[in-house]
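Student: got a sequence here, can you build the structure:
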Amino acid sequence: MRWQRKSSLVLALSLFIALLVWSQMGMYIVHLIFGVNVKVNFFKFCISLFRENTLYYFIVITFLNSLVAYAILITLIKITQQFVLSRRFKTRLMSLRNINLTARVIQQFKPMNQNIIVIDHNQAMAFTVGFRRPLVVLSSELIEMLDHSELEAVIEHESFHQSHHDSLKIFMLQLISQSLWFIPITKWTYHNYKLMSELLADEYAIKKTGSELGLGSALLKLIKKGFSDNPTPVLVYFTDGVVNYRLQQLVDPGHDIPVRLGTTSIVISIYVLLLFMGMIIMAIT
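Tutor: Numbering: from 1, shown residues only. Below you'll find the model as predicted:
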């Protein structure tokens, strides 16, 4: 799959930046709370450049402390929210589960993982939810709307997300982009991994079904249904131009889809990371 390497690099880049910055923040917090003498720390080194009890010293320490506090708070808040909402959402899904339709889908399509349910709902939906044991969710309206080949393609698409734990990866990238907002490249990795994961899932579905027709027809039906019933949850999957790239890949699989980072974002991100790593090196030497 031609997007596999790019998506892995994007994910690794974001995780590397997060590990680097969060580890420095952690050491700085340990220094503030417990008084541990941390020699190699970006935040401590920044403060040491200014004379104590001066205006610049006060401004810098206030800014850095606010930055660290925001990153910690937004991380804790988002993780807590996700945990609470996920439990509520799964409970709601189970209350809507159609046991007969679920059994029929599993028997007909024999998905690689039987952690799949069909819910009674009047809107066409297909998505994967959950981190530890991802669950593929289909709606009764979707099953009624799609024919056998189209439904098979959708199930294979979602099975790819399920087996690769894309829900967890995308949440992690979103968390990194929000807590490390001052490094714009983290936002880029979040949005582009979402795009690449959809393209990879499409490639997998096409490979498993042996044709682009089922997936392409299902996408067009969902788009038509979404815009005719606006607003509807299905439109969530077609934001940020993702559907345009997916359709383009179906029409011309060999055409390379540009995944570029804006010049301003590149400059800011490189400047911040160079400053960050430069001060760590200065602290070491």
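Student: quick one: Arg51 from Tyr57, how far?
Tutor: According to Cβ to Cβ, to the nearest Å, Arg51 and Tyr57 sit 6 Å apart. No exception for glycine: its C-beta is placed from N, CA and C like everyone else's.
Student: compare the two (neighbour count), which wins?
Tutor: Between Arg51 and Tyr57, counting by other Cβ atoms under 10 Å, Tyr57 is the more crowded of the two (15 against 8).
Student: that one: what's it in contact with?
Tutor: By Cβ atoms under 8 Å, 6 or more residues apart in numbering, Tyr57 lies in contact with 47, 50-51.
Student: what's the average pLDDT for the lengthiest helix in the chain?
Tutor: As assigned by DSSP state H, the longest helix anywhere in the chain is helix 55-95. Averaged across helix 55-95, pLDDT comes to 92.
Student: chain center to it: distance?
Tutor: Put simply, helix 55-95 sits 16 Å off its chain's centre (Cα atoms, centre = their mean, to the nearest Å).
Student: what mean pLDDT does the following helix or strand past that helix have?
Tutor: Using DSSP states H and E, the next helix or strand after helix 55-95 towards the C-terminus is helix 99-109. Across helix 99-109, the average pLDDT comes to 94.
Student: what does helix 99-109 rub up against?
Tutor: 111, 114, 116-118, 138, 140, 143, 148, 151-152, 155.
Student: try it again with 10 Å
Tutor: Under the contact criterion Cβ atoms under 10 Å, 6 or more residues apart in numbering, helix 99-109 has outside partners 98, 111, 114, 116-120, 136, 138-140, 143-144, 148, 151-152, 154-156, 159.
Student: among those, which are in helices?
Tutor: Of those, the ones assigned to helices by DSSP H are 140, 143-144, 148, 151-152, 154-156, 159.
Student: buried members of those into PyMOL, please.
Tutor: Entered in PyMOL, the line below selects the buried ones among the ones in helices among the contacts of helix 99-109, by 16 or more other Cβ atoms under 10 Å:
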select buried, resi 140+143+151+152+154+155+156+159
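Student: of the contacts of Tyr57, just say which sits nearest to Leu250.
Tutor: Top of the list for closeness to Leu250, among the contacts of Tyr57 and by Cβ to Cβ, is Ile47 at 54.0 Å.
Student: wait, that closest one sits on Asn65?
Tutor: Yes: counting by Cβ atoms under 10 Å, Asn65 is a contact partner of Ile47 at 9.4 Å.
Student: mutual contacts of the two, please.
Tutor: With Cβ under 10 Å, 6+ apart, Ile47 and Asn65 have common neighbours Tyr28.
Student: strands of the chain, start to end?
Tutor: 116-119, 126-129, 135-139 (DSSP state E).
Student: check the offset of the second one from the chain's centre.
Tutor: The reference is to strand 126-129. The chain centre lies 13 Å from the centre of strand 126-129; the measure is Cα atoms, centre = their mean.
Student: do the same with the last one
Tutor: Counting by Cα atoms, centre = their mean, strand 135-139 is centred 18 Å from the centre of its parent chain.
Student: and that strand, what does it pack against?
Tutor: Contacts defined by 3 or more Cβ pairs under 10 Å, 6 or more residues apart in numbering; DSSP states H and E place strand 135-139 against helix 55-95, helix 99-109, strand 116-119, strand 126-129, helix 148-163.
Student: so what's the residue count around Ile77?
Tutor: 12.
Student: what do you get for Asp120?
Tutor: Neighbours of Asp120 (other Cβ under 10 Å): 12.
Student: wait, it sits on Met94?
Tutor: No: with contact defined as Cβ under 10 Å, Asp120 does not reach Met94; the gap is 11.8 Å.
Student: separation between the residue positioned nearest the centre of the chain and Leu85?
Tutor: Nearest residue to the geometric centre of the chain (Cα atoms, centre = their mean): Ile170, 1.7 Å. Per Cβ to Cβ, Ile170 is found 15 Å from Leu85.
Student: can you check Thr102 too?
Tutor: Distance, Thr102 to Leu85, by Cβ to Cβ: 23 Å.
Student: which one of those two has more residues nearby?
Tutor: Thr102 (16 against 10).
Student: any idea how far the more buried one is from Pro111?
Tutor: 11 Å.
Student: and for the two, which residues touch both?
Tutor: Counting by Cβ under 10 Å, 6+ apart, Thr102 and Pro111 have no contacts in common.
Student: what's the burial count for the closest residue to Lys169 other than its chain neighbours?
Tutor: Counting by Cβ to Cβ, 6 or more residues apart in numbering, Leu11 is the residue found nearest to Lys169 once chain neighbours are left out, at 6.2 Å. Leu11 has 18 neighbours, counted by other Cβ under 10 Å.
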